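K.L.:
Below are the sequence and a predicted model for it; my questions follow.
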Amino acid sequence: GGGAAMAFTMVKELEDRKDQREVGSLAVWTVTSAKPGNGVELLRDGSTETYWQSDGMQPHLVNVQFQKKVRLQEIALYVNYKSDESYTPHKISVRVGNSYHDLREVRVVELEEPEGWVVIPLDQGPTGYLRMYLLQVAVLSNHQNGRDTHIRQMRVFGPAEEVQQGLGHPLQLRDPGFSMFASVR
């Protein structure tokens with residue numbers, strides 16, 4: 001369709017997002033398979049030098065399951081064709097739902113030898129976000145018909161005002177130290 005051109009953007013660095021927050025720490029992350037020593041936790045270790053490596057049949061799934069319904073605006077994946085070659089994702093499907101039984105596909109992106117952050121917007125319609133309990137990222141194919149995949153980092157972003165619910169002092173958000181502590185678990 002006409003929106004295909006806006007399916008994703010590639011950036012070298014994720015800039016600081018003042019109007020968003022990273023909510024991945026609120027979720028339980030699972031994958032369909034992982035090579036020993038290259039587990040799901042490496043998607044979230046803050047380093048683009050490490051990677052999750054699948055170890056099984058395609059599609060390779062990353063499931064991000066939230067305790068309560070969250071609003072997500074975009075997701076970002078760090079991939080590196082120069083390092084990972086045939087392990088680099090080529091075709092990725094993004095699905096959302098309340099459970100595994102009602103997942104629906106909201107984005108499909110095709111990457112051509114990507115290097116850096118692939119930022120995929122989820123917003124549809126006027127709200128600018130989607131609500132879900134479950135986010136699933138499916139690697140449908142890799143470059144050069146590779147079997148297993150590498151994803152080096154993954155981030156999920158929602159609107160910043162979600163933070164303010166239950167906080168007496170929304171002004172804390174402007175304190176530069178706040179975001180640092182908010183992400184420490």
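P.N.:
Ah, there it is. The structure displayed is predicted, hence computed values, not measured ones. Numbering: from 1, shown residues only.
K.L.:
Tell me which stretches of this protein form helices.
P.N.:
Residue ranges of the helices in the chain, as given by DSSP state H, are 81-84, 161-164, 176-183.
K.L.:
wait, doesn't Ala27 sit right on Val64?
P.N.:
Yes. Under the criterion of CB atoms under 8 Å, Ala27 makes contact with Val64 at 4.6 Å. To be clear about C-beta, it is placed using only N, CA and C from the backbone, and glycine gets the same treatment.
K.L.:
out of the two, which sits in the busier spot?
P.N.:
Under the criterion of other CB atoms under 10 Å, the comparison of Ala27 against Val64 puts Val64 first, with 24 against 18.
K.L.:
how many neighbours does the closest residue to that one other than its chain neighbours have?
P.N.:
Closest residue in space to Val64, ignoring its immediate chain neighbours: Leu135 at 4.2 Å, by CB to CB, 6 or more residues apart in numbering. Leu135 sits with 26 neighbouring residues when counted by other CB under 10 Å.
K.L.:
where does the chain dip in pLDDT?
P.N.:
Filtered on pLDDT under 70, the chain yields the residue ranges 1-6, 124, 162-185.
K.L.:
residue ranges for the strands of it, please.
P.N.:
In the chain, the segments counted as strands under DSSP state E are 9-11, 20-22, 27-31, 52-53, 60-72, 74-80, 89-97, 104-110, 115-121, 130-142, 150-151, 153-159.
K.L.:
Pipe these into a markdown table and attach distance to Gly39 per row.
P.N.:
Converted to a markdown table, the strands of the chain look like this (distance: least, CB to CB, whole Å):
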| stretch | distance to Gly39 |
| --- | --- |
| strand 9-11 | 26 |
| strand 20-22 | 20 |
| strand 27-31 | 8 |
| strand 52-53 | 7 |
| strand 60-72 | 12 |
| strand 74-80 | 16 |
| strand 89-97 | 18 |
| strand 104-110 | 24 |
| strand 115-121 | 21 |
| strand 130-142 | 16 |
| strand 150-151 | 12 |
| strand 153-159 | 13 |
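K.L.:
Asn38: which of the ones you listed is closest?
P.N.:
strand 52-53 (3.8 Å; CB to CB).
K.L.:
tell me the contacts of the nearest residue to Asn80 once chain neighbours are set aside?
P.N.:
When the adjacent residues along the chain are set aside, Asn80 lies closest to Glu115, with 5.4 Å between them (CB to CB, 6+ apart). For Glu115, the contact set (CB atoms under 8 Å, 6 or more residues apart in numbering) comprises Met10, Val79, Asn80, Tyr81, Lys82.
K.L.:
Now render those as a markdown table, adding neighbour count and distance to Ser93.
P.N.:
Compiled in a markdown table, the contacts of Glu115 are given as follows (neighbours: other CB atoms under 10 Å; distance: CB to CB, whole Å):
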| residue | neighbour count | distance to Ser93 |
| --- | --- | --- |
| Met10 | 13 | 18 |
| Val79 | 29 | 15 |
| Asn80 | 19 | 21 |
| Tyr81 | 20 | 19 |
| Lys82 | 9 | 24 |
